[in-house]
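Q: structure for the following, please:
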Amino acid sequence: MKELPQSLFDVYALALPRGHGFGSAPPIGAWQSDDGLAYAVITHDDSRGVLGLLAARRRIDQTWEIVSCDDGLSSYEEAYSRIPALLKEGEPPESLPPNTAYRPFLHDVGTRKPSDIFKLLSKPSHHVAAWMLNQLYLSLPNPDANWVSDCQTDNFHTRLWEAQLLASFREQGLMVSQPHPSPDFLISNRHGSEAWLEAVTANPNERYNHVNSTPIDPPQDRKERLLGGAAERFAKTLGNKLDRKYHELEHVSGKPFLIALADFHASSSMTWSREALICYLYGIYPVVKMDAGIQLACAESVESLLGKSAFPAGLFADNQHSELSAVIFTNACSIAKFNRVGVSAGALTKGLKYTRIGEFYDRTPNALKGIPFCLDITSREYRTLWPQGYEPWCAELEVFHNPYAKHPVKLELLPEATHWFEKNGEIVCSSFYETAILCSKTIIQDESEPTLEIGDLYGDC
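A: Numbers count the residues shown, from 1 in each chain. A predicted model of the protein is given here:
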């Protein structure tokens, strides 16, 4: 057996029910079998002064099966001595438990015609993202029967978003389960807080090929950009989910209900549409005013979006939608995100250079613009932007709270996300990470060739 690197263990641990949440018994050492079919980790409970041993092996369908979980060992030596027998070096993968369906392989398209975006994963420039997506698919507690076929064909982005959400939740140590067909996830922490969550993507009126599509520039008119088509698309997407009345389901009733939204409504739209969501949710329009010669950012109330429909603005401006506790959003649901997490954690780049170009959020009071950056994803400067030493899944995750929620979701349930909530009559922001990225592009360059390839072909942040 050999030592298991922390970065690789962090990926495998996303298949555990609580992911990285080990409570008072964090890992102090991890090992894997030489054949890659098993790993074991020794934990130490600081409060009780005892050691534990957890071991997992791959099943015949490649998912992880926990084969041992013991937390009453008296010494490190005792725990370490048990590892070889649990790894079962050279033995076949574990068989399926009784009444467990075989999970189909994500790479096996069979007779299906895969979408161009799925085929993109077979390119050398995206081998890290492909591996990461497969690991997260194998980590899902109970994916529905169409998960693989959807991912391989026309619903790739919906499934990508679900995989990214799983990683984001378990990275924060949440218990994630899928006990019912809908909503998609039940999440909870060790303190008893829980919430139901439904994932959705904002899609175009007419489908387009995301691969090599020409990026669409945001509207030049600022009001159109913030209160126009993008805001209306978000409004209709969220409205369609609310019409399904998930909150009335017996298992959801009386608990917080959230909708997680990712934007694919136009090519590269996620690089600029975030503010449109904020404007729609809270019914506000940001303006700049002068006070004693100083520019100040302020918000004006708006009652409707632009366009012929005059769609009402302010989903969270009153109590008409109190059944929705919050909206989760990211401007970085992309293949590039899956590449960056792995590459920044040390995955082999195979002669490729990954560069991220964009804008940092400027936390200076009343700052009106971001701070430009251009960083090699493998550089120390990029990796140390976050305490993990690599880009975390939650880096761009934001939670917009409904001030009128009947069942509010506690900020502590998603501790590593950025939260927007009402305080003293104003919408304020609280961030876990000091680094926040407003928008970006990921560039992939073959170090032996001068040609550049856009790593996120449909717009990444």
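Q: ok but E89 is inside a strand, no?
A: No: counting by DSSP: H, G, I helix; E, B strand; the rest coil, E89 is located in no strand; its state is coil.
Q: which residues does it contact?
A: M1, S33, D34, D35, A38 (CB atoms under 8 Å, 6 or more residues apart in numbering). Every residue, glycine included, has its C-beta placed from N, CA and C.
Q: of those, which is the nearest to F421?
A: A38 (43.6 Å; CB to CB).
Q: ok, what's across the strand from the closest one?
A: Following DSSP bridges, A38 is listed with bridge partners R57.
Q: so it versus T237, what's the distance?
A: 42 Å (CB to CB, to the nearest Å).
Q: filter the contacts of E89 down to the buried ones.
A: Among these, those classed as buried by 16 or more other CB atoms under 10 Å are M1, S33, A38.
Q: quick one: contacts for the last one?
A: Meaning A38. Q32, A55, A56, R57, R58, V67, L86, L87, K88, E89.
Q: hmm, 10 Å instead?
A: Counting by CB atoms under 10 Å, 6 or more residues apart in numbering, A38 touches 1, 31-32, 55-58, 64-65, 67, 83, 86-89, 91, 93-94.
Q: same check, this time on the first one
A: Under the criterion of CB under 10 Å, 6+ apart, the contact partners of M1 comprise 31-35, 38-40, 83-84, 86-87, 89.
Q: which helix or which strand is home to P17?
A: Counting by DSSP states H and E, no helix or strand carries P17.
Q: and E94, what are its bridge partners?
A: Here E94, judged by DSSP bridges, has bridge partners R59.
Q: I'd assumed L86 was in contact with it.
A: No: between E94 and L86 there is no contact under CB atoms under 10 Å: 11.6 Å.
Q: which neighbours do these two share?
A: What both E94 and L86 touch, as defined by CB under 10 Å, 6+ apart, is the set A38, A56, R57, V67.
Q: excluding its backbone neighbours, what's nearest the second one?
A: Put plainly, it is A56. By the measure of CB to CB, 6 or more residues apart in numbering, the closest residue to A56 outside its immediate chain neighbours is W64, 4.6 Å from it.
Q: equivalent analysis for T355, please.
A: In space, and not counting its chain neighbours, T355 is closest to I443: 4.5 Å by CB to CB, 6+ apart.
Q: partners of that neighbour in the sheet?
A: Bridge pairing for I443 - DSSP bridges - gives T355, I454.
Q: what is the neighbour count of it?
A: For I443, the count of nearby residues is 18 (other CB atoms under 10 Å).
Q: then the one 3 residues further on?
A: D446 sits with 15 neighbouring residues when counted by other CB under 10 Å.
Q: so that it lines up with my notes, have the first residue be 507 from now on.
A: Right, with 507 as the first residue, what we last looked at is D952.
Q: I'd say W667 and E704 touch.
A: No: contact criterion CB under 10 Å: W667 and E704 do not qualify, at 11.1 Å.
Q: mind listing the shared neighbours of the two?
A: D690, A766, L767.
Q: quick one: the second one is in a strand?
A: Yes: assignment of A766 by three-state DSSP places it within a strand.
Q: in the protein, which helix has the most residues?
A: helix 662-677 (DSSP state H).
Q: what's the next secondary structure element after that one?
A: Counting by DSSP H and E, the next helix or strand C-terminal to helix 662-677 is strand 681-683.
Q: parallel or antiparallel, list what pairs with that following strand.
A: By DSSP bridges, strand 681-683 pairs with strand 691-694 (antiparallel).
Q: how far off centre is the partner strand?
A: 14 Å (CA atoms, centre = their mean, to the nearest Å).
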